[in-house]
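**Q** pasting the structure only:
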């Protein structure tokens, strides 16, 4: 049976420490802060990132260098026969396209999965790949299942401030100013490739209700009769996320809920104080 290595990136929310326990490798996403290069969870912690964000530092995301990715693959292929590489959605970054191009140089030993996920849903894809590997499935079989299931996930997210959406050009300065005055909270969604607008409501209470209503509708329609993983992602304080966990659990009793901080690549564009609810369908093998 071939030995398969599982690789993802830090957009999955999987830390280097957790990756070591899982027996996988995580490519750390690079950031520039005031033109200085940092790597998520290696030279840049969550706390340090939010401190610099609060200081209004100039923060920009980047892609892993091709040399770093290939070096990791070459190292793994000393021990493994094949690699299944699960990067963030191609609709949110060019790193997936780059990895696909690089994989062509490895004679079929590296398979890149563009299953269009990020954060907790990307993390679940990694766990699914590990489960399939344990069942003895081949690299091709693992990729086939992940690609088949790629759109079987849903994320709804609300931001606390329009500042970073304005900075990234997703809302105009005028709309951001008006939204701040009126206490408007945009509810965004990721249903595959990219981050899209879903609704605009006034206040946190309405925003939370909108997200929970949307998730309930998905569970009753898109995922009707299917088992799903229910997940929470956030850039909140411990107290705020504990309250959100309680509200989600009350709305959806009987689910085991996984909670994770949003990856810094996402946090960079939405700021602190954001919260999300997500689900991903349990794989059928």
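**A** Arrived safely. Just so we're clear, the structure is a prediction, and the values are computed from it rather than from any experiment.
**Q** CA atoms for contacts and neighbours, from now on please.
**A** Noted.
**Q** look up how far residue 83 lies from residue 217.
**A** From residue 217 over to residue 83 the distance is 37 Å, taken as C-alpha to C-alpha, to the nearest Å.
**Q** so for those two, which residue has more residues nearby?
**A** Neighbour count, other C-alpha atoms under 10 Å: between residue 217 and residue 83, residue 83 has more, with 21 against 13.
**Q** show me what whatever helix or strand that one lives in is packed up against.
**A** Residue 83 belongs to strand 82-86 when assigned by DSSP states H and E. Using 3 or more C-alpha pairs under 8 Å, 6 or more residues apart in numbering; DSSP states H and E, the elements in contact with strand 82-86 are strand 4-9, strand 110-112, helix 119-134, helix 139-148.
**Q** now find how far off-centre that strand is within its chain.
**A** Relative to the centre of its chain, strand 82-86 is centred 18 Å away, using C-alpha atoms, centre = their mean, to the nearest Å.
**Q** what's the angle between that strand and helix 139-148?
**A** Angle of strand 82-86 versus helix 139-148, following axes from the mean of the first three to the mean of the last three C-alpha atoms, to 10 degrees, is 10 degrees.
**Q** nearest residue to residue 278 other than its sequence neighbours?
**A** residue 155 (4.2 Å; C-alpha to C-alpha, 6 or more residues apart in numbering).
**Q** now do the same for the one you found: its pLDDT.
**A** Predicted confidence (pLDDT) for residue 155: 95.
**Q** ok, and what's touching stretch 274-285?
**A** Here stretch 274-285 makes contact (C-alpha atoms under 8 Å, 6 or more residues apart in numbering) with 120-121, 124, 128, 145, 149, 152-160, 211-212, 215, 223, 226-236, 241, 244, 248.
**Q** wait, I meant stretch 190-210
**A** Under C-alpha under 8 Å, 6+ apart, the answer for stretch 190-210 is 89-92, 116-117, 150-151, 153-156, 158, 182-189.
**Q** buried members of those residues into PyMOL, please.
**A** Applying 16 or more other C-alpha atoms under 10 Å to those leaves a buried subset, and the PyMOL line that selects it is:
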select buried, resi 89+90+91+92+116+117+150+151+153+154+155+156+158+183+184+185+186+187+188+189
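**Q** which of the contacts of stretch 190-210 fall in strands?
**A** The members of these that map onto strands under DSSP state E are 153-156, 158, 184-189.
**Q** pull the most distant pair out of those.
**A** 153 and 184 (26.4 Å; C-alpha to C-alpha).
**Q** how about the helices of the stretch 151-285 of the chain, start to end?
**A** 163-167, 173-181, 204-220, 238-251, 264-270 (DSSP state H, counting those that start in this stretch).
**Q** and these as JSON lines, adding distance to residue 134?
**A** Output for those, formatted as JSON lines (distance: least, C-alpha to C-alpha, whole Å):
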{"stretch": "helix 163-167", "distance to residue 134": "41"}
{"stretch": "helix 173-181", "distance to residue 134": "49"}
{"stretch": "helix 204-220", "distance to residue 134": "29"}
{"stretch": "helix 238-251", "distance to residue 134": "31"}
{"stretch": "helix 264-270", "distance to residue 134": "30"}
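**Q** in terms of mean pLDDT, which of the ones you listed ranks lowest?
**A** helix 173-181 (a mean of 51).
**Q** low-confidence ranges, this structure, go.
**A** 162-182, 192-193 (pLDDT under 70).
**Q** if you set the cut-off to 80 instead, what comes out?
**A** 91-92, 161-184, 192-195, 285 (pLDDT under 80).
**Q** give me the most central residue, it.
**A** residue 119 (1.7 Å; C-alpha atoms, centre = their mean).
**Q** pretty sure it contacts residue 9?
**A** No: using C-alpha atoms under 8 Å, residue 119 is not in contact with residue 9; the gap is 9.9 Å.
**Q** coming back round to it: elements contacting the helix or strand that the strand holding residue 83 is followed by?
**A** Next along the chain after strand 82-86, taking DSSP H and E as the criterion, comes helix 95-103. Helix 95-103 is packed against helix 66-76, strand 110-112, with contacts defined by 3+ C-alpha pairs under 8 Å, 6+ apart.
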